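Student: mind looking at a prediction? Sequence and model below.
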Amino acid sequence: MAAALELFVEKGFAGTRLEDVSARAGVSKGTLYLYFDSKEALFKAVIQEGIVPILEEGAGLVDSFQGCTADLLRTLIGEWWQRIGNTHLGGVPKLMISEAGNFPELATYYHDAVILRGRDLMRRTLQRGIASGEFRSVDVETAIDVIFAPVLMMVIWRYSLGACCGTAHDPGTYLQTHFDLIVSGLFAPERTRPA
């Protein structure tokens, strides 16, 4: 699956052949077919075993987190970067954007398995902060998009223009600036930002 992920990110879904995956993985094509009956099944397995467990761990974190919601938000964004954004899995959003029109069934799968779960994590985090009075009342669904868009743009850049134009920003500085702007916008007026 690691070989498949690398090739999907490098060549796109359409451009990746199972023969290429088996060659990169160092196994025969027949061996690959013992586990995956199609390229679509292989892609779904990459998502199911690469991204979904991270989202499930995030759900557990949201359920059990004991600190302030700003710290939970920082942890979620940081974990996303370390475990997805800063790995080959970070290339999947660009892949889905470029391939969704040609492979709508895969886009639907990705939407249901990843996007809906990620939105739910952020929704519950924002609702937690609003309910506690730490965050001001905002349109949660719109805030989810506003929070996700910059981090998605960072990985889309990395796997598109970044290949020829270099990294736009240091990821650590970028994510810290993004987080600072998020919490400054979310904190209730009577609240002061924690140190």
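Tutor: Structure received.

Student: what about the helices in this protein?
Tutor: Shown for the chain, the helices assigned by DSSP state H span residues 2-15, 18-25, 29-35, 39-50, 52-64, 69-80, 92-99, 104-110, 116-132, 140-158, 162-165, 171-186.

Student: mind listing what's buried in stretch 55-64?
Tutor: The neighbour-count check on stretch 55-64 (16 or more other C-beta atoms under 10 Å) flags L55, G58, V62 as buried. Where C-beta positions appear, they are placed from N, C-alpha and C, glycine not excepted.

Student: can you redo the residues you listed as a markdown table with distance to T142 and pLDDT?
Tutor: Formatted as a markdown table, the buried residues of stretch 55-64 follow (distance: C-beta to C-beta, whole Å; pLDDT from 0 to 100):
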| residue | distance to T142 | pLDDT |
| --- | --- | --- |
| L55 | 21 | 97 |
| G58 | 21 | 96 |
| V62 | 20 | 97 |
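
Student: show the low-confidence segments of the protein, by residue range.
Tutor: 166-168, 190-195 (pLDDT under 70).

Student: could you chop it up by domain?
Tutor: 1-37, 51-186 (automatic domain parsing).

Student: can you redo those domains as JSON lines with distance to K44?
Tutor: JSON lines is the format used below for the domains of the chain (distance: least, C-beta to C-beta, whole Å):
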{"stretch": "domain 1-37", "distance to K44": "9"}
{"stretch": "domain 51-186", "distance to K44": "6"}
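
Student: now for these, which one comes closest to A45?
Tutor: Across the domains of the chain, A45 has its closest neighbour in domain 1-37 (5.9 Å, C-beta to C-beta).

Student: compute the first-to-last residue distance for the closest one.
Tutor: This stretch, domain 1-37, spans 14 Å end to end (C-alpha to C-alpha, to the nearest Å).

Student: which of the residues in it are buried?
Tutor: 1, 3-10, 12-13, 16, 18, 20-22, 25, 32, 36.

Student: and for stretch 71-89?
Tutor: Neighbour-count burial for stretch 71-89 [16+ other C-beta under 10 Å]: 72-77, 80-81, 83-85, 87-89.

Student: V46 contacts F8, correct?
Tutor: Yes. Using C-beta atoms under 8 Å, V46 is in contact with F8, at 6.9 Å.
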